[in-house]
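*Asks:* sequence and predicted structure are below.
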Amino acid sequence: MAEFTMPSLGADMDEGTLQEWLVQPGALVHKGDPVAVVETAKSLIEVECFETGTMGKVLVEPGTTVPVGTPLALIEPTAAEPRRPEKAERSDRAVEEPPVRPAHRRPRPPLGAGPLIRHLAEQSGIDLETLHGSGPGGRVTRTDVEQAAAAATGARPSRVRATPLARRLAAELGVDLTAVFGTGRESAIRAADVRKAAPGPAAAAPPPGHVTAPVRPSRPSEDRAAAMRQAIAGLMARANRDIPHYYLATTVDMAAAMDWLHEHNRRSPVAERLVPAVLLLKAAALAAREVPELNGFWTDDHFTAGEGVHLGVAVALRGGGLVAPALHDAETLELPQLMTALKDLVTRARAGRLRGSEVSDSSITVTNLGDQGVEAVFGVIYPPQVALVGFGRVVDRPCAVDGLLGVRPVVTATLSADHRATDGAVGSRFLTAVDRLLQNPEQL
């Protein structure tokens, strides 16, 4: 039996507040599934399960603040089904099974649709082939069938999928769960959805004699902004004190990249158009793959290379402060995929819906203040990373090309690097790679 513990969601996190359980005891969970919402000094974060099993006993109730590493719940192993020898199974089938006539074959159900789902669909008159499953891997869930049946009949679904905290809050605030749109796993209603649908200060009081578990509300925006500022201050002060930074900068000619971008956007529908930041991010990710000495971590007095280029992207939050969630394996993403992933990451970061792996896996960080009018930015390294890349605004500058003076779009690319892990020659190779890649945008 394994313990699900309060994770460390960044070098500046010492403790966290469990705000909500997204699964109930007895539910099957897989590695990577979000199972809880944790509040840190910076934001609310969905924390994933570390292994596959069954949700066991809950050890910490919502509203409790605990140090990193504290067990939150138990994950019980699932019993493995015994396997039969494949050869024996094939021989048995060859002898015992009669031939099946193709004319009597029944339509194959959608992937993952079990007997209960098929039975429910038959009762409701729903064709499973027409449903888009919301479960893992496109699996059709009971919620999908009930929602389709409700849409067909105009009635409300008989069963609402909601977390225990969401049901408790709905009872306290007088919210009808059938009228709430769920944003959780398999369209489950979460506590945040209930709070958003609450009528306001004049919410219904709980029934007489009703006793609820103490739930600590989220920090007010002012307190959270102050806590975030304090966390950033402590981490950046430590980074400046402990990391011997060195800084490099270069000016990159963006004429080829901007010409390619304009032509791509002219031929693409609005939803598939790109922004210059995507080209800069992809160039930084590919350069980090070429110069792996800058893609990794300085821990225990030595450098450990990252397993992939998990590109941290600095995102400014509307209430102040910033987070730097990761675009996993950014060097492998095509530009349209990277654009989609970037928009999704920024949206969820500002809505407080990041996942734990996204705030703790970055192997190198990029900050881009070009949209703020800044022409150059020299950042502070986020420990235990060893490098931070900065991009400014693309501006038109007089430039000599092939002996002729002209006006061309340029961008200032900077590098802040840890002198314990690399020297200036390595940093120069990185910026040279970024420049070379942006001169050939069709290869990004």
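*Replies:* That came through, no problem. Numbering: from 1, shown residues only.
*Asks:* rest of the way, CA atoms for contacts and neighbours
*Replies:* Fine.
*Asks:* where in the stretch 1-150 of the chain is pLDDT low?
*Replies:* The stretch 1-150 of the chain contains residues with pLDDT under 70 at 79-120, 123, 130-144, 146-147, 149-150.
*Asks:* all helices of it, in order?
*Replies:* Remark: helices assigned in the stretch 1-150 of the chain by DSSP state H, counting those that start in this stretch are 86-96, 115-124, 142-153.
*Asks:* for the stretch 251-400 of the chain, same thing?
*Replies:* So, for the stretch 251-400 of the chain - with DSSP H, counting those that start in this stretch - the helices run 255-267, 276-290, 335-351, 356-360.
*Asks:* for Gly308, find the nearest of these.
*Replies:* helix 276-290 (7.9 Å; C-alpha to C-alpha).
*Asks:* what is that closest one packed up against?
*Replies:* Other elements packing on helix 276-290 under the criterion 3 or more C-alpha pairs under 8 Å, 6 or more residues apart in numbering; DSSP states H and E are helix 255-267, helix 335-351, strand 364-368, helix 424-438.
*Asks:* pull out the buried residues from that helix.
*Replies:* Neighbour counts over helix 276-290 (16 or more other C-alpha atoms under 10 Å) mark 277-289 as buried.
*Asks:* Thr17: what's it in contact with?
*Replies:* Thr17 makes contact with Val38, Glu39, Thr40, Pro62, Gly63, Thr64, Thr65, Val66 under the criterion C-alpha atoms under 8 Å, 6 or more residues apart in numbering.
*Asks:* name the nearest residue to it, ignoring sequence neighbours.
*Replies:* Nearest residue to Thr17, sequence neighbours excluded (C-alpha to C-alpha, 6 or more residues apart in numbering): Thr65, at 4.1 Å.
*Asks:* thinking the one you found is in contact with Leu18, fair?
*Replies:* Yes: contact criterion C-alpha atoms under 8 Å: Thr65 and Leu18 qualify, at 6.4 Å.
*Asks:* more crowded one of the two?
*Replies:* A direct count of neighbours by other C-alpha atoms under 10 Å for Thr65 and Leu18 places Leu18 higher, at 25 against 19.
*Asks:* if I read this right, Ala249 contacts Leu415, doesn't it?
*Replies:* Yes: if you go by C-alpha under 8 Å, Ala249 and Leu415 touch, sitting 6.3 Å apart.
*Asks:* need the longest strand for this structure.
*Replies:* Across the chain, the longest stretch assigned as strand under DSSP state E is strand 404-418.
*Asks:* and the contacts of that strand?
*Replies:* 243-255, 258, 294, 375-381, 386-400, 427, 431.
*Asks:* that older thread, the helices and strands packed on helix 276-290: which one's closest to Cys49?
*Replies:* Checking the helices and strands packed on helix 276-290 against Cys49 by C-alpha to C-alpha gives helix 335-351 as the closest, at 19.3 Å.
*Asks:* residues making contact with that closest one?
*Replies:* Against helix 335-351 from outside (C-alpha under 8 Å, 6+ apart): 272-275, 278-279, 282, 315, 317-318, 323, 325, 327, 330, 354, 444.
*Asks:* identify the farthest-apart pair in these.
*Replies:* The two members of the contacts of helix 335-351 with the most space between them (C-alpha to C-alpha) are Arg318 and Leu444, at 31.2 Å.
*Asks:* comparing the two, which residue is more hemmed in?
*Replies:* Using other C-alpha under 10 Å as the criterion, Arg318 and Leu444 rank with Leu444 on top: 19 against 9.
*Asks:* mind exporting the helix ranked longest in the chain as CSV, just the C-alpha atoms?
*Replies:* Longest helix in the chain, counting residues (DSSP state H): helix 221-242. Provided in CSV are the C-alpha atoms of helix 221-242 (Å, rounded to 0.1, in the frame of the first residue of the first chain):
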residue,chain,number,x,y,z
SER,A,221,-6.9,37.7,-3.5
GLU,A,222,-5.0,40.3,-1.4
ASP,A,223,-3.6,37.7,0.9
ARG,A,224,-2.7,35.4,-2.0
ALA,A,225,-1.0,38.2,-3.8
ALA,A,226,1.0,39.1,-0.7
ALA,A,227,1.9,35.4,-0.1
MET,A,228,3.0,35.0,-3.7
ARG,A,229,5.1,38.1,-3.6
GLN,A,230,6.8,36.8,-0.4
ALA,A,231,7.4,33.4,-2.0
ILE,A,232,8.9,35.0,-5.1
ALA,A,233,11.0,37.3,-3.0
GLY,A,234,12.5,34.5,-0.9
LEU,A,235,13.3,32.3,-3.9
MET,A,236,14.8,35.0,-6.0
ALA,A,237,16.9,36.3,-3.1
ARG,A,238,18.2,32.8,-2.6
ALA,A,239,18.9,32.3,-6.3
ASN,A,240,20.9,35.6,-6.5
ARG,A,241,22.8,34.7,-3.3
ASP,A,242,23.6,31.0,-4.2
